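Engineer: One predicted model, sequence on top.
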Amino acid sequence: MKLLRIKETLFLIGTAFLFLLSGCSQTWQITEKVQPKEKNKLTFKLAQERLHGKEVKVLLRDKRQFNGIITEIASDSVHLQNDADTTERVFPTSQIKCIERTDYFAGGVLGCIGGTAGGLLLGAAISEAVIPPGGDMRGLGVMMVMVETGTIGFLGGTIYGAISGRDSYYEFADTTATTVPGPDSSSVPARVTQP
């Protein structure tokens, strides 16, 4: 009875670990100043360094989406170069819901870790269920099953993680810009002075 509980527990832990790592994402808040102990916050300068030249998706508050490469992040606007025709769009930060970036390398690394750990746990559960207790070679059998499932988890997790990637979301905390309709019915940033 106790052995059955250990098997079930190992299997559930391995399965939960795989599912938790497959949905990993991170949200960053972009603001003017960051205190030393604040986590998941970036200054505009750090956001510019991290995202400049990277392919992203800009999600606007009115549900429109634009794909392109970040050329500049300022406190009042984001400049995005279109991939297809190299035109540049400027979005006021007040209109941006978030900037989404998918990092396929980080996804592969997390998938590798999660797949290996989950595979090893699954191998331990399978070997406890399949290999009879006792005997001199039991330890070798358990190890071989864990190595096999760990290798399968490593390969599967790495491939899955590299294909799906790891999503990072960047949101603006302080928006000091409002929008004024432009001549082509698009919006252009305008600074607002606060008393």
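Structural biologist: Noted; the coordinates are in hand. Numbering: from 1, shown residues only.
Engineer: Give the other helices and strands that the one helix or strand Gln26 maps to contacts.
Structural biologist: Taking DSSP states H and E as the definition, one finds Gln26 inside strand 25-31. In terms of contacts (3 or more CB pairs under 8 Å, 6 or more residues apart in numbering; DSSP states H and E), strand 25-31 is packed against strand 41-43, helix 44-51, strand 166-172. (C-beta placed from N, C-alpha, C; glycine too.)
Engineer: domain assignment for the protein?
Structural biologist: Domain segmentation of the chain under automatic domain parsing yields 2-22+105-164, 25-102+166-178.
Engineer: Only the buried residues of the helix or strand containing Gly108, if you could.
Structural biologist: Element membership of Gly108 [criterion: DSSP H and E] is helix 104-130. Buried residues in helix 104-130, counting neighbours by 16 or more other CB atoms under 10 Å, are found at 106-128.
Engineer: quick one: buried residues of the following helix or strand past it?
Structural biologist: Per DSSP H and E, the first helix or strand lying C-terminal to helix 104-130 is helix 138-164. By neighbour count with 16+ other CB under 10 Å, helix 138-164 contains the buried residues 142, 145-146, 149-150, 152-154, 156-158, 160-162, 164.
Engineer: what's the angle between helix 138-164 and helix 104-130?
Structural biologist: 150 degrees (axes from the mean of the first three to the mean of the last three CA atoms, to 10 degrees).
Engineer: State the mean pLDDT of helix 138-164.
Structural biologist: The average pLDDT for helix 138-164 rounds to 87.
Engineer: Equivalent analysis for stretch 73-90, please.
Structural biologist: Average pLDDT, stretch 73-90: 85.
Engineer: ends of it, how far apart?
Structural biologist: 10 Å (CA to CA, to the nearest Å).
Engineer: quick one: contacts of stretch 142-160?
Structural biologist: 18, 21-22, 108, 111-120, 122-124, 126-128, 130-131 (CB atoms under 8 Å, 6 or more residues apart in numbering).
Engineer: Quick one: neighbours of the closest residue to Asp103 other than its chain neighbours, just the number.
Structural biologist: Excluding its sequence neighbours, the residue lying closest to Asp103 (CB to CB, 6 or more residues apart in numbering) is Arg166, at 5.0 Å. Neighbour count of Arg166, defined by other CB atoms under 10 Å: 22.
Engineer: Show me which residues of stretch 80-91 are buried.
Structural biologist: 80-81, 90-91.
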